[in-house]
Structures are given as structure tokens and as C-alpha cells.
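Peer 1: give me a 3D structure for the following:
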Amino acid sequence: MVTLGIMLAGIAVGRFFPERHKAKNEWAQLAFTLLLIFSMGVGLGQREGFFSELAVLGLRSFLLFLLPTLCSVAVVYVLTRCCMGEGAAVRETAGGRQESAPVQMGSDPMVFFALGALLLGMVCGAFPACAAVLSPLTAHTQWLLYALMFSVGVSVGLRRGLLESIRKYHMRILVIPCGIIAGSLLGGLLCGLLMAYPVNQTVSVAAGLGWYSFAGVSIGNLAGAELGSIAFLSNLMREIGAFFMIPYLARRLNYFTCIAPAAATSEDTTLPMLIRHTNEETVVFAVINGILCSAAVPVLIALCY
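Peer 2: Alright, predicted model coming up:
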């Protein structure tokens, strides 16, 4: 809720923000994003046994990332096409203009910047001396997130009449988080059948919705270290995978569907990719979705397991 309040403050400032400084605000968003991803990489590199876990449990974790994510995308796409009207039918550029030509896959360097920042952070985190030097950054990532959310709010505030246009959706704003949750649980069920794993375990892992830190610890306490590690890795893969899926989905499906792979992370780490490849209306939906999905994760894990 703090992040939502900060974003609302940014929206208020954006109403009076000079249009000529819009590009500077976008550069600030890029810088905050890469620093957040780098910091996440440092934390992963510092995690004891992370690389061995990835090698041993990687295939099962990958399947538990892939199927829930794809099912979420499918369910959200169908629901938004049926329930969200014209907003789900039109693909626009971030500035509100209809897209005239598809962008070639890989033409946006943001994906490679994000991956590079993550890998660099993991390498730095793997060396204790380097990680110690970076500890002031990793200890204050929350402030980076707050700065990013304020900057995002400014971008939203610059779009006049945006919030008024969102009001037309009313309760339909719940379609996206409900679709993400339903698709994720369905994917977890399919994983249990394919992997010959207890269904309650695979569904509870899928119920992490990309919140890897909470899912790993929570499921580890319920079912032991191995399943906790799988939950951590699969939900981490979902967060990272969203960076690569969002640009493709924005070109092939609709903007609302881009929120599906991000799930609970759509209010923070994956939000900059949504800003870059969708529009301001979708960004507001993404923040609301992230808050609702994050609130649902502890309840879903407890119920499913």
C-alpha cells in the first residue's frame, strides 16, 4: 500500500510536471529499474547454494514456471477480450498512438540491459568482498522502488484524463487478477499430473504468483527444503521470464494480457517493462493487480497446500 500511495503522489505531481522534462523522467525510470534488477542479482548471488539448486532442481522449477505462466496468459487474454471491451482490442504505443508496424523481436535493448544487470549482480554477489561493498545498495532497495514508483506516477499524471477513463471498467478491474490466479492454479494442477508430484504441492508452488522470496520461505516451512527451493526458483523464473514475455505479448495479443506473466510483480520489478511496451492505462491496472495478487499469495498457498 505504501508503493500505491507514493505512485498517487507522483500522479499528483505529474499533473503539473513540465512536458519538456518527460524524457528525463523516463531515463530516471530506466536507471532505477536497472539498479533494482542489479540489486536482485546481488541478492541471488549471495544466496547460499543458489547455483547448485539451479543445477539440480532447474528442470522441475522451469516446468512450474512455464505452465502456470502460459495458462495465466491464456486465461487473461480470453477474459479481457470478452470483458474489457475496446481497451483489450487495441495495441498502442506508450504515447497513445496506434502501432503502425510490428517491432522486430530483440530490437528493444531494454531486455538485454535487464538480463545483463541481473547477471552482473549475480556475479558480484557471488564474491563476498564485492557484495560487502554493494551492501549499502542492497540494503536500501526499497527506496529505489519508491523512487521508481514516484517516477511512474509522474508518467501517469502526464496523461490527461487517464484516471477518468479507467472508471468505466468498475468491477471489471478484478478480471485480470482473477484470471492470473485461475490460470496459475490450473498450470500448477497440470504440472502435478505431468510430473507425478502431489497436486497440492505443485498448485501451492504456482500460487506464489512470482513472489519468489515469500513463496520459497513459506512453502519450505510447510513441505521442506527441496520444495521450498523449487518454489523459490520457479517463481524467480516467472519474474525474470516476464521481462522477455511482455514485449512479445504487447505485439501479439493485447496490453492487458501483458500483466499476466508478471502476476504479483506487476506493481514493482516488472512494471518498467509494462511502462515501456504498453500504455499508462495498463500501468494503473498493473499496479492494482500487483497489490491484489500479492495480498492473495499467502492465502492461496495456505489453502492449496
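
Peer 1: next SSE after the helix or strand bottoming out on mean pLDDT in the chain?
Peer 2: When each helix and strand of the chain is scored by mean pLDDT, DSSP states H and E, helix 162-166 comes last, with a mean of 63. Under the assignment DSSP states H and E, the closest C-terminal helix or strand after helix 162-166 is helix 175-195.

Peer 1: can you name every helix or strand that that next one contacts?
Peer 2: helix 50-83, helix 199-206, helix 259-262, helix 280-304 (3 or more CB pairs under 8 Å, 6 or more residues apart in numbering; DSSP states H and E). Placement of C-beta: from N, CA and C, glycine included.

Peer 1: 10 Å - rerun?
Peer 2: In this structure, helix 175-195 packs against helix 50-83, helix 199-206, helix 225-252, helix 259-262, helix 280-304, with contacts taken as 3 or more CB pairs under 10 Å, 6 or more residues apart in numbering; DSSP states H and E.

Peer 1: could you export that helix as PDB, CA atoms only?
Peer 2: Output in PDB follows, covering the C-alpha atoms of helix 175-195 (Å, rounded to 0.1, in the frame of the first residue of the first chain):
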ATOM      1  CA  VAL A 175     -10.900  -9.600 -14.200                       C
ATOM      2  CA  ILE A 176      -7.100  -9.500 -14.600                       C
ATOM      3  CA  PRO A 177      -6.000 -10.700 -11.100                       C
ATOM      4  CA  CYS A 178      -8.800 -13.300 -11.100                       C
ATOM      5  CA  GLY A 179      -7.600 -14.600 -14.500                       C
ATOM      6  CA  ILE A 180      -4.000 -14.700 -13.300                       C
ATOM      7  CA  ILE A 181      -4.800 -16.700 -10.200                       C
ATOM      8  CA  ALA A 182      -7.100 -19.100 -12.000                       C
ATOM      9  CA  GLY A 183      -4.600 -19.700 -14.800                       C
ATOM     10  CA  SER A 184      -1.700 -20.100 -12.300                       C
ATOM     11  CA  LEU A 185      -3.600 -22.700 -10.300                       C
ATOM     12  CA  LEU A 186      -4.600 -24.600 -13.400                       C
ATOM     13  CA  GLY A 187      -1.000 -24.600 -14.600                       C
ATOM     14  CA  GLY A 188       0.100 -25.900 -11.200                       C
ATOM     15  CA  LEU A 189      -2.500 -28.700 -11.400                       C
ATOM     16  CA  LEU A 190      -1.200 -29.700 -14.900                       C
ATOM     17  CA  CYS A 191       2.400 -29.700 -13.600                       C
ATOM     18  CA  GLY A 192       1.300 -32.100 -10.800                       C
ATOM     19  CA  LEU A 193      -0.200 -34.500 -13.300                       C
ATOM     20  CA  LEU A 194       2.800 -34.400 -15.700                       C
ATOM     21  CA  MET A 195       5.500 -34.600 -13.000                       C
END
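
Peer 1: that one: which residues count as buried?
Peer 2: Across helix 175-195, burial judged by 16 or more other CB atoms under 10 Å covers 175-181, 183-192, 195.

Peer 1: just the pLDDT for V2.
Peer 2: We have a pLDDT of 70 for V2.

Peer 1: so it makes contact with F150?
Peer 2: No - using CB atoms under 10 Å, V2 makes no contact with F150, being 11.4 Å away.

Peer 1: the more surrounded of these two?
Peer 2: F150 (22 against 10; other CB atoms under 10 Å).

Peer 1: that one: which element?
Peer 2: helix 141-158.

Peer 1: packing partners of that helix?
Peer 2: If you count contacts as 3+ CB pairs under 10 Å, 6+ apart, helix 141-158 packs onto helix 2-14, helix 22-46, helix 162-166, helix 271-277, helix 280-304.

Peer 1: sorry, back to before: for D268, which of the helices and strands packed on helix 175-195 is the nearest?
Peer 2: helix 280-304 (6.6 Å; CB to CB).

Peer 1: residue contacts, G208?
Peer 2: 64-65, 68, 184, 188, 214-216, 218-219, 231-232, 234-236, 238, 263-264, 297, 300-301 (CB atoms under 10 Å, 6 or more residues apart in numbering).
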